[in-house]
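J.: Build me a model from this:
(chains A and B)
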Amino acid sequence: MSSSPTTSETEDFPTTFANAVHGGLDKVLGQSGAAAVLSHMKMSSNLPDPAEFHKKLLALFGEKATLSLERAIVKDLVRRLKWALELLSIEGPFDFSATMHRIQKGVKA
Amino acid sequence: MTTRKSPRSRPLTPENRQRGTAGSGAEDLAETRLATVFGLKQFTQRPVRTLLIKGLAGTGKTILALEILKAAGKGKGAYISSRVPKELLQAHIPAMKETLDKQDFLDIRLEDATSVLDFVMQLTEPKTVRTIVFDSWDGLAKELDQKERLRAEKTLMALANNSGAQLIFVSEEPGATTIDYLVDGILELLRVEEQDRAVREFIIHKLRGTKIPQHKYLFTLLEGKFTFFGPYAIPDYSKMGKFIQRPDIDGSYSFGSGALDRLFGGMIPGSTLTIEYDENVPHSALRAIELPPIINFLSMGRSAILLPLPGANDERTNSILTKALGESAVADRLRILSVVRTSDLETANLPKSATPKEIHELVTRETTSLREKSKDRSVLLVKSVSALENLFASDLDSLLEVTSQEIITLAQSHDAHILFLPKDSPIRSRILSMSSSYAKLFVRDGTVLMFGVKPHTGVYALQHLEDPTSPSLTQLV
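T.: Okay, here's the model as predicted:
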């Protein structure tokens, strides 16, 4: 699965989201770390459900590291969608699942 | 890869303790042998979560990592090997077979970084694993580029942080790498030359949140176990036990100490043993060599003369000897003759400015008198060359002459002779050339070390682990 930035014009949201997960995890954990996390979660090829993904990250890394990883994923996703990051308040603690739903809704709209 | 459920280790009760060999008396518990050095206590209590053990091949990194795994892992650890399979490791270090059997063992020789990180996630996610050893980390990390390596290391730190597991990285990379900045503690193991002999040393480069009273320590891998040596501690003579007489060994006099007998094989009648010492060797360490032969000689019904080291406390010596032997043996068959003390010279009717020859005559008279009281007419003469040198600094030739005569006389009479010689003695080479055996005492990293030059022996750490009057000698291997 490619993790290079693309736009929503060439990819559907699930693909963009999956690429953003790879890209965001890569940025923080490196390629081997990202691949290990997804393999461990058995999500290498499946689209991760944000809520389930959040729960699994939390179990592995704890709150602080999970927040950093999720923020990296959101940033990557927003970059791929060419959105302005300011539209999403992710500087403090935020709800990853809710944010993903917001983005997905925005894309559909 | 094999992953087993780890059984719990045995409870750490005194009954489980086993004594070490070589007279070391070292406890078999890793906790005790490692003690609080490099903050093992802190490591087991968690402020130090990640530790890097570095050093060249053959310096003892694996044994140390296994010792820490044994102590901190408490049967809930994992050993990740990128170098050797479990069976081979157990064959190389039989003392660690049980430790390896009690932990999970992951053989990652053919695995990539992703698989290894996945293994670590499997280990850390249930939050039950206490300690994970990567031996070696660089074996895997070298396959990654710099940025990827740093990220993989950060991933490991994050996993450890969340699970509460402790990580020990073993590395053969001598220089600072990315992981040096991430870990809480760094230990470096070295094999260094000291007086033509190899000794092992470890350096504590960093240990976050832990007071480091000393940065360098010596250690041994005797019997495949990591045993460090703390700074020399003065023996507590209040804990003196009953002296156990040691009979002659195949015609040689015993040193009165199993450790010294094993090192030198006893004192051949008529021989002279010279103990050379550095200026920083504590007096009590010299006393540990000086007193056992005297006590044993007296306990065997023989006699002894002691010309003590400068600054020696004669009352202290007397009280130790009396405690070990009783008053009568000490009063009847021991003469402590302090040549730097005016009262001793006056008692012998010698002037304050007595010559080496006069002192020699005094010693000869005392020897003759004590010979009569000795069960088999043999006498032990223990003499400080330094005390005589101080007294006869302007007439060292005469001192050498009488010392030479003394050695010849003692040889003919089958007595035993022990000389204590300071390293910087101006008559050192002449004394050594006349000595039948010769040992050296010196201090490194606060540990008193001893080895035989004549005959050639390995290096031993001198401690007082059992009886305070008798030294414990543990070989540095």
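J.: contacts and neighbour counts: CA atoms only from here.
T.: Will do.
J.: The residue nearest to B:Tyr237 when sequence neighbours are not counted and B:Phe264, how far apart?
T.: Once flanking residues are discounted, B:Tyr237 sits nearest to B:Pro468: 5.6 Å by CA to CA, 6 or more residues apart in numbering or on different chains. In this view, B:Pro468 and B:Phe264 are 20 Å apart by CA to CA, to the nearest Å.
J.: Poorly predicted segments of the stretch 351-477 of chain B, please.
T.: Within the stretch 351-477 of chain B, the segments meeting pLDDT under 70 span B:351-352.
J.: Swap in 80 and give it another go.
T.: By pLDDT under 80, the low-scoring segments of the stretch 351-477 of chain B are B:351-354.
J.: cool, chain A as well?
T.: Looking at chain A by pLDDT under 80, you get A:1-11, A:44-48, A:84-92, A:106-109.
J.: can you map out the helices along it?
T.: In chain A, the segments counted as helices under DSSP state H are A:13-40, A:50-81, A:96-108.
J.: Could you say which of these is packed most deeply?
T.: helix A:13-40 (a mean of 23; mean count of other CA atoms under 10 Å in any protein chain shown).
J.: near chain B, anything from it?
T.: Yes. Counting by CA under 8 Å from any CA of the partner chain, chain B has neighbours in helix A:13-40: A:28-33, A:35-37, A:39-40.
J.: what packs against that helix?
T.: If contacts are counted by 3 or more CA pairs under 8 Å, 6 or more residues apart in numbering or on different chains; DSSP states H and E, helix A:13-40 sits against helix A:50-81, helix B:113-124, helix B:146-163.
J.: B:Leu391: which of the ones you listed is closest?
T.: With CA to CA as the criterion, B:Leu391 lies closest to helix B:146-163 of those, at 65.1 Å.
J.: Tell me which other helices or strands that closest one touches.
T.: If contacts are counted by 3+ CA pairs under 8 Å, 6+ apart, helix B:146-163 sits against helix A:13-40, helix A:50-81, helix B:113-124, helix B:178-182.
J.: what's next to the shortest one, contact-wise?
T.: Counting by CA atoms under 8 Å, 6 or more residues apart in numbering or on different chains, helix B:178-182 makes contact with B:52, B:146, B:149-150, B:153-154, B:157, B:186, all of which sit outside it.
J.: Of those residues, which pair is most distant in space?
T.: B:Gln146 and B:Ile186 (20.0 Å).
J.: Who has more neighbours out of these two?
T.: Shown here are B:Gln146 and B:Ile186; by other CA atoms under 10 Å in any protein chain shown, B:Ile186 has more neighbours (22 against 13).
J.: Which of the three states applies to the more buried one?
T.: Recorded secondary structure, B:Ile186: strand (DSSP: H, G, I helix; E, B strand; the rest coil).
J.: rewinding a little: let me have the contacts of helix B:178-182 in JSON lines, extended by distance to B:Ser369 and pLDDT.
T.: Output for those, formatted as JSON lines (distance: CA to CA, whole Å; pLDDT from 0 to 100):
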{"residue": "B:Leu52", "distance to B:Ser369": "64", "pLDDT": "94"}
{"residue": "B:Gln146", "distance to B:Ser369": "80", "pLDDT": "92"}
{"residue": "B:Arg149", "distance to B:Ser369": "79", "pLDDT": "94"}
{"residue": "B:Leu150", "distance to B:Ser369": "79", "pLDDT": "94"}
{"residue": "B:Glu153", "distance to B:Ser369": "76", "pLDDT": "94"}
{"residue": "B:Lys154", "distance to B:Ser369": "78", "pLDDT": "94"}
{"residue": "B:Met157", "distance to B:Ser369": "75", "pLDDT": "93"}
{"residue": "B:Ile186", "distance to B:Ser369": "62", "pLDDT": "92"}
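J.: For chain A, which residues are neighbours of chain B?
T.: For chain A, the residues in contact with chain B (CA under 8 Å from any CA) are A:28-33, A:35-37, A:39-40, A:59-62, A:65.
J.: was I right about B:Ser378 contacting B:Arg371?
T.: Yes. Using CA atoms under 8 Å, B:Ser378 makes contact with B:Arg371 at a distance of 6.1 Å.
J.: Need the overlap of contacts for the two.
T.: Contact criterion CA under 8 Å, 6+ apart; residues shared by B:Ser378 and B:Arg371: B:Ser303.
J.: Between the two, tell me which one has more neighbours.
T.: Each of B:Ser378 and B:Arg371 has its neighbours counted (other CA under 10 Å); B:Ser378 has more, 25 against 21.
J.: Point me to the residue of the stretch 1-150 of chain B nearest chain A.
T.: Chain A sits closest to B:Thr114 of the stretch 1-150 of chain B, with a gap of 4.4 Å, by CA to the nearest CA.
J.: thought that residue was touching A:Leu29?
T.: No. Here B:Thr114 lies out of contact with A:Leu29, judged by CA under 8 Å, at a distance of 10.8 Å.
J.: Around B:Asn390, count how many other residues there are.
T.: Counted with other CA under 10 Å, B:Asn390 comes out at 13.
J.: Repeat that for the one 5 residues further on.
T.: Residue neighbour count, defined by other CA under 10 Å, stands at 12 for B:Asp395.
J.: Relative to B:Pro426, how far out is it?
T.: B:Asp395 is 11 Å from B:Pro426, by CA to CA.
J.: now swap in B:Asp118 and tell me
T.: 67 Å.
J.: try B:Leu449
T.: Using CA to CA, we find B:Leu449 at a distance of 23 Å from B:Pro426.
J.: Pick out whichever of these two has more residues nearby.
T.: Set B:Leu449 next to B:Pro426 and count neighbours by other CA under 10 Å: B:Leu449 wins out with 25 against 12.
J.: part of a strand, is that one?
T.: Yes. Counting by three-state DSSP, B:Leu449 is found in a strand.
J.: didn't it look like it was pressed against B:Thr457?
T.: No. B:Leu449 is not in contact with B:Thr457 according to CA under 8 Å; the separation is 12.0 Å.
J.: How about the residue in the stretch 201-350 of chain B positioned nearest to chain A: what's its closest non-neighbour residue?
T.: For the stretch 201-350 of chain B and chain A, the shortest gap (CA to the nearest CA) falls at B:Arg208, measuring 21.4 Å. For B:Arg208, ignoring the flanking residues on the chain, the nearest one in space by CA to CA, 6+ apart is B:Asp184 at 5.2 Å.
J.: Now do that neighbour against chain A, distance only.
T.: Distance, B:Asp184 to chain A, by CA to the nearest CA, to the nearest Å: 18 Å.
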